[in-house]
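Trainee: Return a 3D structure for these sequence lines:
(one chain, ligands or ions: 2)
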Amino acid sequence: MLSERIKEEAKRLGFYVCGVARCEPLEYLRPFYSGFLNRGGHAGLHYLKSYLEKRLNPELVLKGARSVIAVLMNYYPARIQPADDNYLVSKHVYGRDYHRIMRERLEQLTRWLQQEYGPHRCKSFVDSGPVLEKVWANRCGVGWQGKNTLLIHKTGGSYFFIGIILTELEFDPDPVMPDHCGNCNRCVQACPTGALDHLYQLRIERCISYHTIELHPAQGAPTTPKLHGRIYGCDICQDVCPYNRFARPNADPEFSPFTELISFRKKDWISLTEDQFLEIFRDSAVQRIGYQNFKRNVIRAAQDARTGDTE
Ligand code: SF4
Ligand code: SF4
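Mentor: Ligands and ions are numbered 1, 2, ... in the order given. A predicted model of the protein is given here:
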């Protein structure tokens, strides 16, 4: 079947782009993932270690799956935190919890599929489930994984959430998107912690995003990089990517940045109370790390600045 109508519906629902791939095992990735996990590359993130067989074979996730549909949702915000005298939060959490927005839109798309093509089994995923989202987005032709390991769309950049749908329906696949990084190395050079030194691979244990979002104090870390003013996530390797010159704000009110987040400066973050945290991030994915861990990040960023952001 042709996939043009799904793409039109995906656009109508606010997705930036949609593509389709034939659902098949990803056996060719087994040596890479096994090696990565065996040498502890997942840095204690157990969800990366779980369900390897399912990750490599979507038919184990949805029996009878014939196609994979990938959609991208632009989250580039209309307003950006000023960098001067500030600690920065990653743009992907500037507004309402993206998991909810994406889930709602993906549900709308799967309902439409049911109405148009009749009852059939399908499953959708956003940041959850044993699905290699960036690999599938690449195979669906909506972008390539850059040297910063993120998915990049040639005319839209990388500020996108990825949604994946597995379906029993069979659609004509789109061509895989080739790599367009070429000789560019900007993300590798800009990463302040060396987390991208192994091109196309993220050294999770060095990444500021991992240290400010995923790592809880009890887990500890062999080396703790300086946070370079980042208090939740890190956009450095995206901000320097030339393809993000084309990034345009998503005008959808669902993606409007929280007002306080834009107006805050260093002194406001340092004096942030738990009540303020709960109010500012009332409907945000930032809530998942809790006030204590967020405050820990602020304190560390402030300490780094006192000792110099050089390491
Ligand atoms: S998110 Fe920051 S620390 Fe992580 S790879 Fe990108 S630039 Fe480096
Ligand atoms: S900065 Fe350059 S090398 Fe890095 S992902 Fe973007 S295009 Fe690729």
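
Trainee: C-alpha only now, for contacts and for neighbours.
Mentor: Fine.

Trainee: part of a helix, is Ala10?
Mentor: Yes - under DSSP: H, G, I helix; E, B strand; the rest coil, Ala10 falls within a helix.

Trainee: burial measure for it, as a count.
Mentor: 24 (other C-alpha atoms under 10 Å).

Trainee: Please apply the same query to the one 5 residues further on.
Mentor: Summarising burial for Phe15: neighbours were counted as other C-alpha under 10 Å, giving 22.

Trainee: Please list all residues in contact with it.
Mentor: Contacts for Phe15 (C-alpha atoms under 8 Å, 6 or more residues apart in numbering) come out as Val71, Leu72, Met73, Asn74.

Trainee: Compile those residues into CSV and extend it with columns for neighbour count, secondary structure and pLDDT.
Mentor: Shown next, in CSV, are those (neighbours: other C-alpha atoms under 10 Å; DSSP: H, G, I helix; E, B strand; the rest coil; pLDDT from 0 to 100):
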residue, neighbour count, secondary structure, pLDDT
Val71, 25, strand, 98
Leu72, 27, strand, 97
Met73, 23, strand, 96
Asn74, 24, strand, 96
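
Trainee: quick one: which of those is nearest Tyr51?
Mentor: Ranked by distance to Tyr51 (C-alpha to C-alpha), those are led by Val71 at 23.1 Å.

Trainee: For the closest residue to the closest one other than its chain neighbours, grab phi and psi.
Mentor: Spatially, and ignoring its direct neighbours in sequence, Val71 is nearest to Cys18 (4.4 Å; C-alpha to C-alpha, 6 or more residues apart in numbering). Cys18 adopts backbone torsions of phi -140, psi 140, taken as degrees, to the nearest 10.

Trainee: Any residues of the stretch 151-300 of the chain in contact with ligand 1? List them.
Mentor: Residues of the stretch 151-300 of the chain found near ligand 1 (C-alpha under 6 Å from any ligand atom) are Cys191, Pro192, Thr193, Ala195, Leu196, Cys207, Ile208, Ser209, Cys234, Asp235, Ile236, Cys237.

Trainee: next one: the stretch 1-150 of the chain
Mentor: Close to ligand 1, as judged by C-alpha under 6 Å from any ligand atom, the stretch 1-150 of the chain has no residues.

Trainee: phi, psi of the spatially closest residue to Lys147 that is not a sequence neighbour?
Mentor: With C-alpha to C-alpha, 6+ apart as the criterion, Lys147 has its nearest non-adjacent residue at 4.2 Å, and that residue is Tyr200. Main-chain torsions, Tyr200, degrees, to the nearest 10: phi 70, psi 10.

Trainee: so how far is the helix or strand of the chain with the lowest mean pLDDT off the chain centroid?
Mentor: The weakest-scoring helix or strand in the chain, judged by mean pLDDT, DSSP states H and E, is helix 46-49 (a mean of 76). Its chain's average C-alpha position is 16 Å from that of helix 46-49, according to C-alpha atoms, centre = their mean, to the nearest Å.

Trainee: With stretch 51-60 instead?
Mentor: Distance, centroid of stretch 51-60 to centroid of chain: 20 Å (C-alpha atoms, centre = their mean).

Trainee: taking the mean pLDDT, what do you get for that stretch?
Mentor: The pLDDT scores in stretch 51-60 average 94.

Trainee: separation between the residue nearest to Lys147 and ligand 1?
Mentor: From Tyr200 across to ligand 1, the span is 10 Å (C-alpha to the nearest ligand atom, to the nearest Å).

Trainee: I'd say that residue and Trp144 touch.
Mentor: No - under the criterion of C-alpha atoms under 8 Å, Tyr200 makes no contact with Trp144, lying 10.8 Å away.

Trainee: Give the buried residues for stretch 266-279.
Mentor: Lys266, Trp269, Leu272, Phe277 (16 or more other C-alpha atoms under 10 Å).

Trainee: about what we covered before: for the least confident helix or strand of the chain, give me every contacting residue.
Mentor: Here helix 46-49 makes contact (C-alpha under 8 Å, 6+ apart) with Leu37, His42.
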